[in-house]
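Q: Got a predicted model here, sequence first, then my questions.
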Amino acid sequence: MNLSQTLIRPVLTEKSTHQETAGKYTFMVHDDATKVDIKNALRTLYGVQVEKVNILHGLPKYRMGKSRKPMEKRASVKRAIITLKAGEKLEISKHSTTSTKKSTKKVAAAA
């Protein structure tokens, strides 16, 4: 598997950003990625030493659609919680991964 395709994106929730103080970072990963693949991808892409990798499988959620056929409401996801060695840090912030919106406030002309 290509290392650049292993890590999809970081998870930036309140809980995951709170865990960053303990050196734990959460990423969405490819469905076929293993713990070794994730560890190698972080080492080559970010240059950090990984101590431990935990993997969570989020199951899809279904609901009944028209004519009682199941319809997928939420897709399945695979997340990895990465624990870095002591003294290591990743610079992942909400501002660097999302585009900033420019405010479109209208300024009243002074008459």
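A: Ah, there it is.
Q: now residue 14: how far from residue 74?
A: Residue 14 is 20 Å from residue 74, where distance means CB to CB, to the nearest Å. For the C-beta atoms, the positions are set from N, CA and C on the backbone; glycine is no exception.
Q: Name the residue in the two with the higher neighbour count.
A: Neighbours per residue, other CB atoms under 10 Å: of residue 14 and residue 74, the larger number sits with residue 74, 11 against 7.
Q: Report the beta-bridge partners for that one.
A: When bridges are called by DSSP bridges, residue 74 pairs up with residue 61.
Q: tell me the contacts of it?
A: By CB atoms under 8 Å, 6 or more residues apart in numbering, the residues touching residue 74 are 58, 60-61.
Q: what about it, distance to residue 23?
A: In terms of CB to CB, residue 74 sits 29 Å off from residue 23.
Q: Could you pull out the strands in this protein for me?
A: With DSSP state E, the ranges of strands along the chain come out as 7-10, 24-29, 50-58, 61-64, 70-74, 77-84.
Q: got these as CSV, with mean pLDDT columns?
A: Below are the strands of the chain laid out as CSV (pLDDT from 0 to 100):
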stretch, mean pLDDT
strand 7-10, 94
strand 24-29, 96
strand 50-58, 96
strand 61-64, 89
strand 70-74, 85
strand 77-84, 96
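Q: For residue 35, find the nearest of these.
A: Ranking the strands of the chain by proximity to residue 35 (CB to CB) places strand 50-58 first, at 4.4 Å.
Q: which residues are in contact with the closest one?
A: If you take CB under 8 Å, 6+ apart as the criterion, strand 50-58 is touched by 29, 35, 38-39, 42-43, 74, 76-85.
Q: Quick check: residue 3 touching residue 40?
A: Yes. Counting by CB atoms under 8 Å, residue 3 touches residue 40, with 6.4 Å between them.
Q: contacting residues for residue 90?
A: By CB under 8 Å, 6+ apart, the residues touching residue 90 are 20, 25, 46, 48, 84.
Q: Please list all residues in contact with the nearest residue to residue 82 once chain neighbours are set aside.
A: For residue 82, ignoring the flanking residues on the chain, the nearest one in space by CB to CB, 6 or more residues apart in numbering is residue 25 at 5.0 Å. Contacts for residue 25 (CB under 8 Å, 6+ apart) come out as 10, 16, 19, 81-82, 84, 90, 92.
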